[in-house]
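Enquirer: A predicted structure for the sequence below; I have some questions about it.
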Amino acid sequence: MKKSIFEQSVFFGVLIVSVLLSRCDGRKTGSKNNQIAVSLYPVYDIVRNVTGDNNTVSWIVPVGANPHHYEPAPSTVRNLHTVSLFIGIHPEIDGWIAESLKPSVPKFFLIPHEENHAHIQPMDAGSMKGTQTGRPEHDHSHTAEQPVNPHIWLSIKKAKHMVEIIEKELSDHYPENGPHYLENASEYIEELNKLDKDIEQLMASLKGHSII
């Protein structure tokens, strides 16, 4: 029995998020300097693995909470005033976090708002791009009518693109740590490659079976 696209997306998403959660050891990691805030856990896991011990990384929206409706505690908002970089998914999803930051803090979004953003690297069929505000980068053309899929961590291929984009952004902001970021990013991508092979083997063993 053929599996629907929805079933496959949920299945892959559960596998990837399970691996990410198994790596979690807290809401913050790294040194007390060069603090970075991210919106959601999947992005946090990538950032903390790329930064290693060179930065303090924290994520804002708890696992399972809706980023559109989540209301942070006053202490969380106060802590946002101390960060030196924010990394989010898309302005319409977690842009409210960026608005809580000081104007001088760089805000980086993995998916563009389709207007007034510079594209770092296009994703599959132009459906995902890295963008940042305030600093021009490589410009890639795209169609404004193209739908944006915010659930970028459900694809290992897109997750690897996320690692590359985040590594570049971190190296731009903290060049003294660039070599460490690059090494950590390479190791993380290797882990994702292994996970991709494991999923491929698992799907091969389930060929002809339905997912309930």
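Expert: In hand now; what should we look at? All figures in this text were calculated on a predicted structure; none of them were measured in a lab.
Enquirer: What ranges does this structure have for its strands?
Expert: Using DSSP state E, the strands of the chain run over 28-29, 35-38, 56-59, 85-88, 107-109, 118-122, 129-132.
Enquirer: Pick out the shakiest of the ones you listed, pLDDT-wise.
Expert: Of all the strands of the chain, strand 118-122 carries the lowest average pLDDT, namely a mean of 35.
Enquirer: What number of neighbouring residues does I165 come out with?
Expert: 23 (other C-beta atoms under 10 Å). (Each C-beta comes from the backbone N, C-alpha and C, glycine too.)
Enquirer: so it sits right up against F109, yeah?
Expert: No: counting by C-beta atoms under 8 Å, I165 does not reach F109; the two are 10.4 Å apart.
Enquirer: pLDDT weak spots in this protein?
Expert: Within the chain, the stretches with pLDDT under 70 are 1-33, 112-151, 209-212.
Enquirer: 90 instead?
Expert: Applying pLDDT under 90 to the chain flags the ranges 1-34, 42, 63-82, 89-105, 109-159, 161-162, 199-212.
Enquirer: longest helix in it, by residue count?
Expert: Among the segments of the chain that qualify as a helix by DSSP state H, the longest is helix 178-205.
Enquirer: List the buried residues for that one?
Expert: G178, H180, Y181, L182, N184, A185, Y188, I189, L192, L195, D196, I199 (16 or more other C-beta atoms under 10 Å).
Enquirer: Could you list which residues are in contact with the closest residue in space to the fourth one that isn't next to it in sequence?
Expert: Nearest in space to L182, with sequence neighbours left out and distances taken as C-beta to C-beta, 6 or more residues apart in numbering, is E167 at 6.2 Å. With contact taken as C-beta atoms under 8 Å, 6 or more residues apart in numbering, E167 is in contact with V50, Y181, L182, N184, A185.
Enquirer: how near is E167 to G178?
Expert: Counting by C-beta to C-beta, to the nearest Å, the gap from E167 to G178 is 9 Å.
Enquirer: and what of I156?
Expert: 25 Å.
Enquirer: Same question for G88.
Expert: Taking C-beta to C-beta, one finds G88 at 22 Å from G178.
Enquirer: got it, and E187?
Expert: 15 Å.
Enquirer: which other helices and strands contact the longest helix of the chain?
Expert: Judged by 3 or more C-beta pairs under 8 Å, 6 or more residues apart in numbering; DSSP states H and E, helix 178-205 is in contact with helix 5-22, helix 41-51, helix 156-173.
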